[in-house]
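Enquirer: with the input below, show me the fold.
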Amino acid sequence: MAWIYLLLAGMFEIGFAIGLKYTEGFTRLWPSLATAAAAALSLWLLTQALRTIPVGTAYAIWTGIGAVGVATLGIVLFSESASPGRLACIALIIAGVGGLKLVSAN
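Expert: Modelled structure (predicted):
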């Protein structure tokens, strides 16, 4: 169950980071509330995962999910660069996250 919590925490981390773009400096009420809710839920889910998964592993995976998700959505939603170098770096993050999961004791 801890890994499910961690995956969900990462997904809400993506929502939080992407939501920041839509808050326009927290001047828009509904995007700001949704972004704050996503951040709070992400942190709560992370704390639940930390009951079982070591902090170093969980935090690295949580931030990795967020980084890959936000970089991917940046390409899709905001027409950010999808250069081969950028895609290769995203692939390296995915490989690192997958490696941490494979070598984790939990």
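Enquirer: show me where pLDDT drops low in this protein?
Expert: Along the chain, segments meeting pLDDT under 70 span 105-106.
Enquirer: hey, where'd the helices end up in it?
Expert: Ranges of helices within the chain are 2-23, 29-49, 55-78, 84-103, based on DSSP state H.
Enquirer: tell me which residues in the longest one are buried?
Expert: In other words, helix 55-78. Within helix 55-78, the residues that qualify as buried are 57-58, 60-62, 64-71, 73-75, counting by 16 or more other CB atoms under 10 Å. C-beta: built from backbone N, CA, C; applies to glycine.
Enquirer: of those residues, which is the nearest to V103?
Expert: Among the buried residues of helix 55-78, T57 lies closest to V103 (CB to CB), at 8.4 Å.
Enquirer: correct me if wrong: that closest one contacts S104.
Expert: Yes - the criterion here is CB atoms under 8 Å, and T57 meets it with S104 at 5.1 Å.
Enquirer: winner for burial among the helices of the chain?
Expert: By mean neighbour count, with neighbours taken as mean count of other CB atoms under 10 Å, helix 2-23 ranks first of the helices of the chain at a mean of 19.
Enquirer: report the contact partners of the closest residue to K101 other than its chain neighbours.
Expert: Among residues not flanking K101 along the chain, I61 sits closest, at 6.7 Å (CB to CB, 6 or more residues apart in numbering). Neighbouring residues of I61 by CB atoms under 8 Å, 6 or more residues apart in numbering: L6, G10, I53, V97, L100, K101.
Enquirer: could you dump the residues you listed to JSON lines with distance to R86?
Expert: Converted to JSON lines, the contacts of I61 look like this (distance: CB to CB, whole Å):
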{"residue": "L6", "distance to R86": "25"}
{"residue": "G10", "distance to R86": "20"}
{"residue": "I53", "distance to R86": "29"}
{"residue": "V97", "distance to R86": "17"}
{"residue": "L100", "distance to R86": "22"}
{"residue": "K101", "distance to R86": "23"}
